[in-house]
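Novice: okay, predicted coordinates and the sequence, questions at the end:
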Amino acid sequence: MTRVAWAGGPKASAESRAYHAWIITPTANGTHLWTEDAMQGPLWLELGKQAPDSFWRTHETLLEDLARVALEREGA
């Protein structure tokens, strides 16, 4: 697999939608992971106002978790 993506929206705001993709590319030294997302709708705007760094922190946590799982599997 070289691409994982999802699209959808929260139940709390039917007019708010999101799309997130991960592009996975093997390299000589391991793997390059590129992420991109797009969000639209009032829920995302309000969340961004309340906690401007929340999306960045969530992505950082997801990437750290992915790296941890990959390293655990490599050692197994």
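Specialist: Right, received. Where do you want to start? Numbers count the residues shown, from 1 in each chain.

Novice: gap between R57 and R73?
Specialist: Taking Cβ to Cβ, to the nearest Å as the measure, R57 falls 25 Å from R73. Placement of C-beta: from N, CA and C, glycine included.

Novice: could you do L63 as well?
Specialist: For L63, the distance to R73 - Cβ to Cβ - is 16 Å.

Novice: then L45?
Specialist: Taken as Cβ to Cβ, the span from L45 to R73 is 38 Å.

Novice: okay, those two: which has more neighbours?
Specialist: Ranked by neighbour count (other Cβ atoms under 10 Å), L45 and R73 place L45 first, with 12 against 8.

Novice: for the chain, which segments are assigned as strands?
Specialist: Under the criterion DSSP state E, strands of the chain are mapped to 3-8, 17-27, 30-40.

Novice: ok, longest helix in the chain?
Specialist: helix 54-75 (DSSP state H).

Novice: what about the chain, any weak spots by pLDDT?
Specialist: Low-confidence segments of the chain, defined by pLDDT under 70: 1.

Novice: and the residue nearest the centre of it?
Specialist: H59 (5.1 Å; Cα atoms, centre = their mean).

Novice: any idea how many residues pack against the nearest residue to it once chain neighbours are set aside?
Specialist: Excluding the flanking residues, the one nearest H59 by Cβ to Cβ, 6 or more residues apart in numbering is T35, at 6.5 Å. A count of nearby residues for T35, using other Cβ under 10 Å, gives 13.
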